[in-house]
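Novice: please work out how this folds:
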Amino acid sequence: MGARYVIVSPCRNEAGTMRRTLDSVLAQTVPPDLWVVVDDGSTDETPAILAEFCAKHPNLRVVRRDDRGRRSVGPGVIEAFYAGLETVDLAGFDFLCKLDMDLDVPPRYFEILLARMAADPRLGTCSGKPYHDVDGRLVHEVCGDETSVGMTKFYRRECFQEIGGFVRAVMWDGIDCHRCRMSGWIARSWDEPDLRFLHLRTMGSSEGNLWEGRKRHGRGQHFMGTGLAYMTASALFRMTQTPYVLGGLAMWLGWVGRALRREERYGDAEFRRFLRRWQRESLLLGKRRATARCDARQEPVFRRLHPGVGGSSTPRPAS
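Specialist: Numbers count the residues shown, from 1 in each chain. Here you go, the predicted structure:
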């Protein structure tokens, strides 16, 4: 029997995009063994569309939640994700994926991710890269190679369980990848033709406008433990991306606002120290070299926690 994987997809009022997601996932060269879609209180045609697809696809299951009256990113999305995951016996699967319902994924997407996982036993979470269709032109959504992207996180089950899953807060999709590295796992995403998927909605626009979405990201960075120097560098870089200047400024103001109010941060002090070290090295060396150094430094941690696991294709740090 080959590797088995389950997808859990939180959604709310996705009638405008979900048919493309459903069609593209169900047409995969290696389709999911189980797909749980959590309808988080939709008030549009989402329930009817899901019922239509469930009648044709026995590996598709729907979990329905009461309408909370609004979309809630961050903790709300993860609460919905866990409402679906609680219906799954994870022991029966080797991998799991949190997948949004506003994506169009290429046909070999999961086949390739499964092959990458098989080739590298340290690879704990991975993904492709998101793109937007702008007037018929594909435009990439900026995200680092050292993370799996939040809209489609593919996880090795052991890694997901070892890091304690996702925290129920904004920046859950950043905290998880750094927790992977703390335990010696590797987090990656690749920008390759067969792993480029369409994101059918602009990142940060699902709740409120883009300005509020970018501020929310900055607030999440402060909660996670990001330092001011790294946040400033990140905001300046984002100012060069659309929406120009304002996007990065909103992120920075979101971080500063939380800092001035002395709001609480992620409670794991060891994690915050680990994160700050990686961020300092990233500012000095660049993310790619800093991540390679970190992965090499954490390899003994992985070996200690996972004795007997085979070799790794982990890149060595640049000199």
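Novice: surely L96 and G84 touch.
Specialist: No - using Cβ atoms under 8 Å, L96 is not in contact with G84, being 10.3 Å away. Quick note: C-beta positions are derived from backbone N, CA and C, even for glycine.
Novice: and for these two, which residues touch both?
Specialist: Common contacts of L96 and G84, defined by Cβ atoms under 8 Å, 6 or more residues apart in numbering, comprise V8.
Novice: which secondary element of the protein has the worst mean pLDDT?
Specialist: Sorting the helices and strands of the chain by mean pLDDT, DSSP states H and E puts strand 137-140 at the bottom, at a mean of 91.
Novice: which secondary structure elements does that one contact?
Specialist: Applying 3 or more Cβ pairs under 8 Å, 6 or more residues apart in numbering; DSSP states H and E, one finds that strand 137-140 contacts strand 129-134, strand 196-199.
Novice: what is the first one packed up against?
Specialist: Going back to what we said before, that points to strand 129-134. strand 137-140, strand 196-199.
Novice: now with 10 Å, please.
Specialist: Under the contact definition 3 or more Cβ pairs under 10 Å, 6 or more residues apart in numbering; DSSP states H and E, strand 129-134 sits against strand 103-104, strand 137-140, strand 196-199.
Novice: residue contacts, K287?
Specialist: Applying Cβ atoms under 10 Å, 6 or more residues apart in numbering, we find K287 in contact with G144, D145, E146, T147, W278, Q279, E281.
Novice: my read is that the fifth one contacts R181, right?
Specialist: Spelled out, that is W278. Yes - between W278 and R181 there is a contact under Cβ atoms under 10 Å: 7.3 Å.
Novice: what's the helix or strand for M231?
Specialist: Here M231, judged by DSSP states H and E, is contained in helix 228-238.
Novice: can you name every helix or strand that whatever helix or strand comes next after that helix contacts?
Specialist: For helix 228-238, the following helix or strand on the C-terminal side (DSSP H and E) is helix 246-260. On a contact count with 3+ Cβ pairs under 10 Å, 6+ apart, helix 246-260 meets helix 210-224, helix 228-238.
Novice: now mean neighbour count and distance to R261 too, for these, in CSV please.
Specialist: CSV is the format used below for the helices and strands packed on helix 246-260 (neighbours: other Cβ atoms under 10 Å; distance: least, Cβ to Cβ, whole Å):
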stretch, mean neighbour count, distance to R261
helix 210-224, 21, 10
helix 228-238, 17, 15
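Novice: figure out which of these is closest to E263.
Specialist: helix 210-224 (7.2 Å; Cβ to Cβ).
Novice: by how many degrees do the closest one and helix 228-238 diverge?
Specialist: Computed by axes from the mean of the first three to the mean of the last three Cα atoms, to 10 degrees, the angle separating helix 210-224 from helix 228-238 equals 150 degrees.
Novice: could you dump helix 210-224 to CSV, C-alpha only?
Specialist: Extracted as CSV, the C-alpha positions of helix 210-224 are listed here (Å, rounded to 0.1, in the frame of the first residue of the first chain):
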residue,chain,number,x,y,z
LEU,A,210,-5.8,44.9,2.1
TRP,A,211,-4.7,47.7,4.5
GLU,A,212,-6.2,45.9,7.4
GLY,A,213,-4.9,42.6,6.2
ARG,A,214,-1.3,43.8,6.1
LYS,A,215,-1.7,45.4,9.6
ARG,A,216,-3.0,42.1,10.8
HIS,A,217,0.1,40.5,9.5
GLY,A,218,2.3,43.0,11.3
ARG,A,219,0.4,42.3,14.6
GLY,A,220,0.9,38.6,14.0
GLN,A,221,4.6,39.1,13.6
HIS,A,222,4.8,40.9,16.9
PHE,A,223,2.8,38.1,18.6
MET,A,224,5.1,35.5,17.1
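Novice: can you check which helix is longest in the chain?
Specialist: Looking across the chain with DSSP state H, the single longest helix is helix 287-305.
Novice: which parts of that helix are buried?
Specialist: Within helix 287-305, the residues that count as buried by 16 or more other Cβ atoms under 10 Å are K287, R289, A290, T291, A292, R293, C294, D295, Q298, E299, F302.
Novice: out of the helices and strands packed on strand 137-140, which is the most enclosed?
Specialist: Of all those, strand 196-199 has the most neighbours on average by mean count of other Cβ atoms under 10 Å, namely a mean of 20.
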